[in-house]
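Q: Dropping a prediction and its sequence here:
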Amino acid sequence: MSAAPATALLDPPLYSPLGEAAGWMGQTLFGTLSVTLCVLAVATVGLMMLSGRMPVRRGIEVVIGCFILLGAPAIAAGFTALIPN
């Protein structure tokens, strides 16, 4: 029976903490939570516009902001494809 080798206290970590934190932030910003918040925002703004408590222009800004937030990975991929190697 062989045990897995123990890592010493001064060994370098197996993963980058900053990379893991950036991955977590990316998953949070573009995951289910952001989609849920955008759906709620658009529904709330829509009801406020229908009742006359919010101008249509401000409502359109919220909807465009949600599209930009949820489409950010595709937008960034499009910009990086334009940059020559």
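A: On my side now, so go ahead.
Q: Name all residues that make contact with the residue minimising distance to the centre of the chain.
A: Geometric centre of the chain, nearest residue: L29, 2.2 Å, by Cα atoms, centre = their mean. L29 sits next to L69, A72 when contact means Cβ atoms under 8 Å, 6 or more residues apart in numbering. Heads up, the C-betas are built off the backbone N, CA and C, glycines and all.
Q: State the distance from it to A8.
A: Distance, L29 to A8, by Cβ to Cβ, to the nearest Å: 36 Å.
Q: P17 now?
A: 18 Å.
Q: Alpha carbons of the worst-scoring helix or strand of the chain on mean pLDDT, as PDB, please.
A: Here the helix or strand of the chain ranked lowest by mean pLDDT, DSSP states H and E is helix 17-30, holding a mean of 83. Only the C-alpha atoms of helix 17-30 are listed here, as PDB (Å, rounded to 0.1, in the frame of the first residue of the first chain):
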ATOM      1  CA  PRO A  17      -5.200  31.400  -6.700                       C
ATOM      2  CA  LEU A  18      -5.600  34.500  -8.900                       C
ATOM      3  CA  GLY A  19      -6.500  32.300 -11.800                       C
ATOM      4  CA  GLU A  20      -9.100  30.400  -9.800                       C
ATOM      5  CA  ALA A  21     -10.600  33.700  -8.500                       C
ATOM      6  CA  ALA A  22     -10.800  35.100 -12.000                       C
ATOM      7  CA  GLY A  23     -12.500  31.900 -13.200                       C
ATOM      8  CA  TRP A  24     -15.000  32.100 -10.300                       C
ATOM      9  CA  MET A  25     -15.800  35.800 -11.100                       C
ATOM     10  CA  GLY A  26     -16.300  34.900 -14.800                       C
ATOM     11  CA  GLN A  27     -18.600  32.100 -14.000                       C
ATOM     12  CA  THR A  28     -20.500  34.300 -11.600                       C
ATOM     13  CA  LEU A  29     -20.800  37.200 -14.000                       C
ATOM     14  CA  PHE A  30     -21.800  35.100 -17.000                       C
END
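Q: Many thanks, I have nothing further to ask.
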